[in-house]
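> I'll drop the sequence and a predicted model, then ask my questions.
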Amino acid sequence: MKIVRSIHELRDQLRGQNRTAFVPTMGNLHEGHFSLMRLASQHGDPVVASIFVNRLQFGPNEDFDKYPRTLQHDIEKLQEENVYVLFAPTERDLYPQPQEYRVDPPQDLGGILEGEFRPGFFQGVCTVVMKLMSCVQPRVAVFGKKDYQQLMIVRQMCNQFALPTEVVAAETVRDTDGLALSSRNRFLSAAERAEAPMLARTLNRVRGAVLAGNRDLASIEKEALDSLVQRGWKPDYVVVRRRSNLLLPDLAGTDVPLVVLAAARLGTTRLIDNLEI
Ligand code: PAF
């Protein structure tokens, strides 16, 4: 695996490649990320991974400084995967001047759910993904369903800008107790880690209720929120939405494909998860 820092070196390494499969990450790699790399290698060759903790997608009171940076360990783990190039730019490499041109997703998708609770987050994500894609020029890019809204926004961005990149979705990888793998799980105390699978269990309960024919989505969502609050969580949302656009299913009772999405804080750690219904 070649490790490159600058855009210039990256372009040298990828010259002449036209089937590149790309996996952008912020590092602190775990099984979830490796599953993205493996899926990438089924869709293209060579596989390029990036590690870059993107300041633009963190709000002023969020955990940019605290975000785990484990580059050496990540490199060792990546050597075991079928990754040809790791692009690990410094901030100066990727943003040599202040990044004044930004990509703003539309409000109806980018301003809801994560976008409501993390203003500016999707602008930061879209801007860095656009820039990384412009550096790597992949034919395929793999994003996890764990960040469901991010996946949809990036996919639509690629479509609307006619980027020659197909966005492939990877299933969420979970621990044996159901907790979705996330770099932020490492911030959980032992007691919080024991409680954390309750988020996935709550989503499963919501899914079960909808599948059983209950169409009173407001009551189902409220019950889910209340049960998390009772257990000490601070939920931002638990909502059932249309898979196609993340808007409210307008006619309870129609069988459009749905997804239940949740974000909640356990202690100081904010976890997100979702489940297709
Ligand atoms: O999902 C992530 O890790 C990040 O949002 C991404 C896509 C690498 C952009 O910084």
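Everything's here; your move.
> distance of the residue nearest the centre of the chain from the ligand?
For the chain, residue 147 is the residue whose C-alpha lies nearest the centre (Cα atoms, centre = their mean; 3.2 Å). As defined by Cβ to the nearest ligand atom, to the nearest Å, residue 147 lies at a distance of 5 Å from the ligand. Just so you know, the C-beta spots here come from the backbone N, C-alpha and C atoms, and that holds for glycine as well.
> Show the contacting residues for the closest residue to that residue other than its chain neighbours.
Distances taken as Cβ to Cβ, 6 or more residues apart in numbering place residue 272 nearest to residue 147, at 7.3 Å, with adjacent residues excluded. Residues near residue 272 by Cβ atoms under 8 Å, 6 or more residues apart in numbering: 114, 146-147, 182, 261-263.
> List of residues touching stretch 226-236?
Residues from elsewhere that reach stretch 226-236, judged by Cβ under 8 Å, 6+ apart: 117, 195, 198-199, 202, 225, 238, 262-266, 270.
> Need the max-distance pair from the residues you listed.
Distance extremes for the contacts of stretch 226-236: the farthest pair is 117 and 195 at 20.7 Å, using Cβ to Cβ.
> which residue does the stretch 151-277 of the chain bring closest to the ligand?
residue 154 (7.2 Å; Cβ to the nearest ligand atom).
> Just give me the neighbour total for that residue.
Residue 154 has 24 neighbouring residues, counting by other Cβ atoms under 10 Å.
> Check which element follows the strand or helix carrying it along the chain.
Following DSSP states H and E, one finds residue 154 within helix 148-160. From helix 148-160 onward toward the C-terminus, using DSSP H and E, the following helix or strand is strand 166-170.
> Grab the nearest non-local neighbour of residue 119.
Spatial nearest neighbour of residue 119, chain neighbours left out: residue 59 (6.7 Å); criterion: Cβ to Cβ, 6+ apart.
> next one: residue 94
Using Cβ to Cβ, 6+ apart, the closest residue to residue 94 is residue 52 (6.1 Å).
> returning to that earlier point: what residues sit buried inside the helix holding residue 154?
148-158 (16 or more other Cβ atoms under 10 Å).
> Would you state the strands of the stretch 151-277 of the chain in chain order?
In the stretch 151-277 of the chain, the segments counted as strands under DSSP state E, counting those that start in this stretch are 166-170, 234-242, 258-266, 269-276.
> Need the winner for burial among the ones you listed.
strand 258-266 (a mean of 22; mean count of other Cβ atoms under 10 Å).
> returning to that earlier point: quick check on residue 117 and residue 195: which one has the bigger neighbour count.
Taking neighbours as other Cβ under 10 Å, residue 117 and residue 195 compare with residue 195 leading, 18 against 14.
> wait, isn't residue 79 in contact with residue 1?
Yes - if you go by Cβ atoms under 8 Å, residue 79 and residue 1 touch, sitting 5.7 Å apart.
> Looking at those two, which has the bigger crowd around it?
More neighbours surround residue 1 than the other of residue 79 and residue 1, with 15 against 10 (other Cβ under 10 Å).
> distance of the more buried one from the ligand?
Counting by Cβ to the nearest ligand atom, the separation of residue 1 from the ligand is 18 Å.
> Then residue 95?
Remark: distance between residue 95 and the ligand (Cβ to the nearest ligand atom) = 12 Å.
> any idea of the pLDDT on that residue?
The model reports residue 95 with a pLDDT of 97.
> Tell me how many other residues surround it.
Using other Cβ under 10 Å, residue 95 has 18 neighbouring residues.
> Same question for residue 245.
Counted by other Cβ under 10 Å, the residues lying close to residue 245 total 13.
> In the stretch 1-150 of the chain, mark out all the helices, start to finish.
In the stretch 1-150 of the chain, the helices defined using DSSP state H, counting those that start in this stretch lie at 7-14, 31-43, 71-79, 91-94, 107-110, 114-117, 121-136, 148-160.
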